[in-house]
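Visitor: Pasted the sequence and its predicted model underneath.
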Amino acid sequence: MPPPVYRATVVALLCQLFLAACGPKDAPPSAAPGAGANPAVPVTVVTLKAETVTLERELPGRVSASLMAEVRPQANGIVKQRLFTEGSRVAAGQALYQIDDATYRADLESAKAARARAEATLESARLNANRSQDLVKIDAVSRQDHENAMAALKLAEADLAATRAAVDRAGVVLGYTRITSPIAGRIGKSSVTQGALVTANQADPLAKVQLLDPVYIDVTQSSAEWLELRQQIAAGRLTSGNDVPVAIVLEDGTRYPARGRLQFADVSVDAGTGSFLLRVVVANPREVLLPGMYVRAVLASGVRQDAVLVPQRAIARDPKGNTSAMVVGADGKVTARPVKVSSAMGDRWLVEEGLAAGERVVTEGLQKIRPGATVAATEAGAPPAPGSAPGSPPAAPPGDKAAPGGPAPAARP
């Protein structure tokens, strides 16, 4: 049998083990201050500002020449010669075609001969009238003979006037045999060649001359949109932007270097399309814009004061098409805000409802946050803090204990 002292020692050890097993567990070490709170999520925000913006509308249009003349003959005959180079520039009054004019020259000479005969007849009638004037005073001729002589004089004068008009007409018709350009510009291809028969006022033109500097761009705008703009201008939300230059976008998407100006708006609406015509005048010194070319005209529909623009990447759309933005409040928490946007201004949307100047919207880090989350907001474009990346924990101050595995702190004296 073991000694009493040994038995007492064993009993004491068993009691301690029993009490340790039945007693409360050790409490976990106290958490570091702030470890129980959700950490702030780093995001990038943009503070909205009020701006003055020009609202623009891109409309399709076609280029047309500012002046266009179809060259047609005004006399019948055979084309003897073409006097221009196709595709070249021609001046106003420059000869383009020569028609065989032999018949017309003969008609002119015949008219001149008839005029000469009428002049001789008039001279004879004038002499007879003068003699009759003297003889009737002494009753050497009867009054009836005198009246006949005076009537013959007036008839001769009328015949001379008619023959002079015939000479002028024959000269005009002869001039028609040399077809000239009515305007200055660039001439296209010729529809006839030497030896072709042409007729006066024929339906098909011989060629077309077009003035290409400046040119017109005819665009169409919806009458419903025009009425909406008028209402916004009347309500004071917009001011008229008709004086703003018009930008031209070519077929390949590039901007034409020169800007145009709005010349006029048509006074009637097309019943079939519900739109009306707008005409833009554009300088075209290098003749890049050609008639019939499809372009797009960017017209200023109005100027809005104190407009708010939001980056497009800050706007989210749900499956129903509703738009919203994440707004950071003064307490650093995020709320989802329904937003109504309209026109695109570059990489930003024009805000109609839901946001105001001075508010901060999240542009980067949207996938990491939810409404009600606390964020650490950094303004877009602001330089990061020296020695730290966005969202990284702050560096430990000098003298603190190093992280496990790091260098030991320097010993204090």
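Guide: Done, it's in.
Visitor: Longest strand in the chain, please.
Guide: strand 50-71 (DSSP state E).
Visitor: Mind listing the strands it pairs with, and their directions?
Guide: strand 207-222 (antiparallel), strand 294-311 (antiparallel) (DSSP bridges).
Visitor: can the ones you listed go into JSON lines with extra columns for mean pLDDT, distance to Ala283 and mean neighbour count?
Guide: Just so you know, the C-beta spots here come from the backbone N, C-alpha and C atoms, and that holds for glycine as well. Output for these, formatted as JSON lines (pLDDT from 0 to 100; distance: least, C-beta to C-beta, whole Å; neighbours: other C-beta atoms under 10 Å):
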{"stretch": "strand 207-222", "mean pLDDT": "91", "distance to Ala283": "5", "mean neighbour count": "20"}
{"stretch": "strand 294-311", "mean pLDDT": "85", "distance to Ala283": "14", "mean neighbour count": "19"}
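Visitor: Indicate which one of the ones you listed is closest to Glu157.
Guide: Nearest to Glu157, of all those, is strand 207-222, at 44.0 Å by C-beta to C-beta.
Visitor: Now do the closest one: distance to the chain's middle.
Guide: The chain centre lies 14 Å from the centre of strand 207-222; the measure is C-alpha atoms, centre = their mean, to the nearest Å.
Visitor: Could you do stretch 365-373 as well?
Guide: With C-alpha atoms, centre = their mean as the basis, stretch 365-373 stands 40 Å off its chain's centre.
Visitor: List the contacts of that stretch.
Guide: Surrounding stretch 365-373, the residues in contact under the criterion C-beta atoms under 8 Å, 6 or more residues apart in numbering are 38, 41-44, 314, 316, 326, 333-336, 362, 375.
Visitor: Among the residues you listed, name the ones in helices.
Guide: Nothing among these maps onto helices, per DSSP state H.
Visitor: Disregarding residues adjacent in the polypeptide, which is nearest to Val173?
Guide: Leaving aside its chain neighbours, Val173 sits nearest to Tyr104 (5.4 Å; criterion: C-beta to C-beta, 6 or more residues apart in numbering).
Visitor: from the chain's centre, how far out does the one helix or strand the one you found maps to sit?
Guide: Assigned by DSSP states H and E, Tyr104 belongs to helix 102-135. Relative to the mean C-alpha coordinate of its chain, helix 102-135 is positioned 68 Å out (C-alpha atoms, centre = their mean).
Visitor: Which other helices and strands does it contact?
Guide: Where contact means 3 or more C-beta pairs under 8 Å, 6 or more residues apart in numbering; DSSP states H and E, helix 102-135 is packed against helix 143-176.
Visitor: List the contacts of the nearest residue to Leu290 once chain neighbours are set aside.
Guide: Distances taken as C-beta to C-beta, 6+ apart place Val63 nearest to Leu290, at 6.3 Å, with adjacent residues excluded. Val63 sits next to Val215, Tyr216, Ile217, Leu289, Leu290, Pro291, Gly292, Met293, Val295 when contact means C-beta under 8 Å, 6+ apart.
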